[in-house]
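**Q** Generate a structure from the sequence data that follows.
(2 chains)
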Protein chains: 2
Amino acid sequence: MKQADVLVIGGSAAGIVAATTARNFYPGKQVTLVRKENKMLVPCGIPYMFGTLDTSEKNVVPDMVLENGKIDLTIGEAVSVHQENKTCTLEDGSKIAFEKLIFATGSSPIRPQWLQGIDLENVFFIPKNKEYLDRESRIFADCKKVVVIGGGFIGVEMADELVKAGKDVTIVELLPHVLSLAFDKELASRAEDALIARGVKLSCGKKVQKILGETKVTGVALDDGTVLDTDAVILSVGYHPNSDLAKEAGLAVNKMGFIKVDEYMRTANPDIFAVGDCAEKFSFITRTPKRTMLASTACAEARIAGMNLYKLSTVRAFNGTISIFCTAIGEDAFGAAGVTEDLAKERGFEVITGMFEGVDCHPGSLPGTHKQLVKLIASKDSGIILGGEVFGGRSVGELTNLIGFIVQNRMTVEGVLTSQIGTHPLLTGPPTAYPLIKAAEMIAIKRNSYLS
Amino acid sequence: MKQADVLVIGGSAAGIVAATTARNFYPGKQVTLVRKENKMLVPCGIPYMFGTLDTSEKNVVPDMVLENGKIDLTIGEAVSVHQENKTCTLEDGSKIAFEKLIFATGSSPIRPQWLQGIDLENVFFIPKNKEYLDRESRIFADCKKVVVIGGGFIGVEMADELVKAGKDVTIVELLPHVLSLAFDKELASRAEDALIARGVKLSCGKKVQKILGETKVTGVALDDGTVLDTDAVILSVGYHPNSDLAKEAGLAVNKMGFIKVDEYMRTANPDIFAVGDCAEKFSFITRTPKRTMLASTACAEARIAGMNLYKLSTVRAFNGTISIFCTAIGEDAFGAAGVTEDLAKERGFEVITGMFEGVDCHPGSLPGTHKQLVKLIASKDSGIILGGEVFGGRSVGELTNLIGFIVQNRMTVEGVLTSQIGTHPLLTGPPTAYPLIKAAEMIAIKRNSYLS
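**A** As a prediction, this is how the structure comes out:
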């Protein structure tokens, strides 16, 4: 029987980061990573396999990162874990013993079984599976019309890529706006403007009644009686955690199906950890359980698990997800961190918000200048920033990360206002009207009048 | 006599921000801004008037920002301030009385009088003066060769713009590398590579002996005997604070000529403040006095002065400059915040550094991907991050600001490692190899082995 000091099950972002962190912090320990896929895709690069990248081969995570880290890679599917024997059995019957085990088993697309027609030909999901997606991509090549059901960020990115590839694309979203878990309506409506400008058709606030067709999909019927003719459907209505393996091993999962873990990413068994999409999470701000599945959260959890494997450290603990993410639609980009205004209020916060629209270069007459809009949400009593949303150009990703650090450091609007922000004509907004600072200032002014 | 509640002297970034902040936080107070210039230039946009922008008119700060803020603008030069009478006299003899006064008088180029030939025709400086710079720009149009003396960021940006405009440009720098106050040699050498690739000639580690010519400059003689033929010279060897007005009013200036201020940006007279290039500053990290003159620091000081004018607040205090700035050379961008490794050591810190080179999009096969390199400098005993340096593409500005917030929040490498970073194929590096996190990890691993 093979013997691993540290065994990681799952080879996507969380698994890779957990394995490399374990090796880096415990160089004396041997690490084995087991995954079922022959080639791993960069998960967030998947939509770009349908337009921007000419082949899915360009979206493969190089195994070199594991080789360089001296991590042993085993291709195979883990089918059971035995807590007492500390062994994992693979599909081929082979076993691997472990000192420490990390579940990084990820998530799979939700298949809404109540929805008539989901098994028709040309109805697709977006799993992290290269063979499936390669087939999907080949079939799309012959389709003219595609309906995307679900306007979360995967649905939006897929729509944007398919329209770029010349398809007639419609997004159907149940809620009044696309991306509404991440953005309040001011920003969500900017994203909708960007999608419409790119040629994507939107059908928001509409429920899908059924998917139509005999053997192959021909249309999508909405509750309001509309029928959308189509050659293909993408269902992007969320993902569920892959936690069966852990559950069958006797580990606890929460009501939403995530493997229960503590701040060090440990299950109830101190030798077994779980990280990424399969692991339980709660909100950094509202402290309630979350279904967030993002590489940002997954990789932070993986680093924390890797560092705490053999030695706990309170400064290396996970304190909840800030749901930080960013996306691009054509030349426009969008990002969010922490809670939206809507969610903050729903969870019981009294909030003050500030929003400022400026530019991402200065003077705005410089070529390549893009509008930049920042909305900040702060707690009324403490002034602590609970969340932020950004619209702009290519610098939005790092600006969102800056807001993420503000939220994670529990900075107040006064803290932000007294901070130094570097600016440069070609790289940022102006020092006199940097949108993040101006949004914070608007909140500070409102609090100032409220406190005095 | 005119009566102002708040009088601001100086209309560049610090003056504008001080005035608008004062109005925003004390809406009952009237604010007057006095400046001598008819039109104000965006200071950091000045180099781009020589290539990228076709006219200096596009680099003018719109006075609309003052009008919108209901700030009274007076064009005129302040020639004296009387502390007891609380009045300011302008060149035309008119007087303005004030309750609160803010000096935002800026800085002027250093004219090294010891240097023979500085008064020759076609020897130029880079003052924030539109008429002077317009003339300079017209003369450059007819020049083929330009020598830039001083390889700080203004010299580097001017060189990059002039080479773009087709000139033959040489930078002469006394120190072994350009930009060496902001960057350690690893990053400075990247900047040098970028300059050379753009066609700029570098002459580092060389001292200028004299500037040659009869009435008009013809060359620059270096200490090693080299003579550089040239049609024009730009002297960018630093700036000195405009503090004479304050000094003559009886306010204290420090040894380097800056107006002495406390954490609230007050002079010894609690009704008189100073902000920006003219105000005294010290390092956030090393606590020693600094000559830093950057819009980032100036605007933070201006916000703090504006908020504390009539009511002090300890959460609205200035805690020293982090010298944060960023710049671009062609498609490459560079940024820094906090201290360099060299400076940290020189000031007595034991440091551990981490450096990681990756990409700013992912997978790296995506069009438009640029290399991204991050170096972090941490205190060996505490793990607190003292500074960071970045090389990359257009996202460098906001990534530098992110590092600035890390420094200002005194985050440790472990704090950074447990943080959540949002990533997106088109907007950031990959979640598994985000350079900032990898650089922090390298330091944490070194500290881990050192602590155990």
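**Q** quick one: contacts for the residue nearest to residue A:428 when sequence neighbours are not counted?
**A** Nearest residue to residue A:428, sequence neighbours excluded (CB to CB, 6 or more residues apart in numbering or on different chains): residue B:397, at 4.0 Å. For glycine as for every other residue, the C-beta is placed from the backbone atoms N, C-alpha and C. By CB atoms under 8 Å, 6 or more residues apart in numbering or on different chains, the contact list for residue B:397 reads A:395, A:398, A:422, A:423, A:424, A:427, A:428, B:326, B:333, B:335.
**Q** What about the residue nearest to the fourth one when sequence neighbours are not counted, how many residues nearby?
**A** Put plainly, it is residue A:423. Of all residues not flanking residue A:423 in the chain, residue A:431 sits nearest, at 4.4 Å (CB to CB, 6+ apart). Neighbourhood size, residue A:431 [other CB atoms under 10 Å in any protein chain shown]: 29.
**Q** And residue A:80, by the same measure?
**A** 13.
**Q** just residue A:372 next, same as before
**A** Neighbours of residue A:372 (other CB under 10 Å): 25.
**Q** again, but for residue A:64
**A** Residue A:64 has 8 neighbouring residues, counting by other CB under 10 Å.
**Q** Could you pull up the residues touching the spatially closest residue to residue A:312 that is not a sequence neighbour?
**A** Excluding the flanking residues, the one nearest residue A:312 by CB to CB, 6+ apart is residue A:264, at 5.7 Å. Taking CB under 8 Å, 6+ apart, we find residue A:264 in contact with A:273, A:304, A:305, A:308, A:312, A:316, A:317, A:318.
**Q** Now pLDDT and secondary structure too, for the residues you listed, in CSV please.
**A** Shown next, in CSV, are these (pLDDT from 0 to 100; DSSP: H, G, I helix; E, B strand; the rest coil):
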residue, pLDDT, secondary structure
A:273, 98, strand
A:304, 97, helix
A:305, 98, helix
A:308, 97, helix
A:312, 93, coil
A:316, 90, helix
A:317, 93, coil
A:318, 95, coil
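**Q** just the buried members of those residues?
**A** Among the contacts of residue A:264, those classed as buried by neighbour count (16 or more other CB atoms under 10 Å in any protein chain shown) are A:273, A:304, A:305, A:308, A:316, A:317, A:318.
**Q** Quick check: residue A:235 touching residue A:146?
**A** No. Under the criterion of CB atoms under 8 Å, residue A:235 makes no contact with residue A:146, lying 11.5 Å away.
**Q** neighbour-wise, which of these two wins?
**A** residue A:146 (25 against 22).
**Q** Find the helix or strand that the more buried one is a member of.
**A** Element membership of residue A:146, judged by DSSP states H and E, is strand A:145-149.
**Q** quick one: buried residues of that strand?
**A** A:145, A:146, A:147, A:148, A:149.
**Q** Could you list which of the buried ones among the contacts of residue A:264 also contact chain B?
**A** Restricting the buried ones among the contacts of residue A:264 to those touching chain B (CB under 8 Å from any CB of the partner chain) yields A:304, A:316, A:317, A:318.
**Q** Now for these: which two are most distant?
**A** Farthest apart among those by CB to CB are A:316 and A:318. That separation is 8.7 Å.
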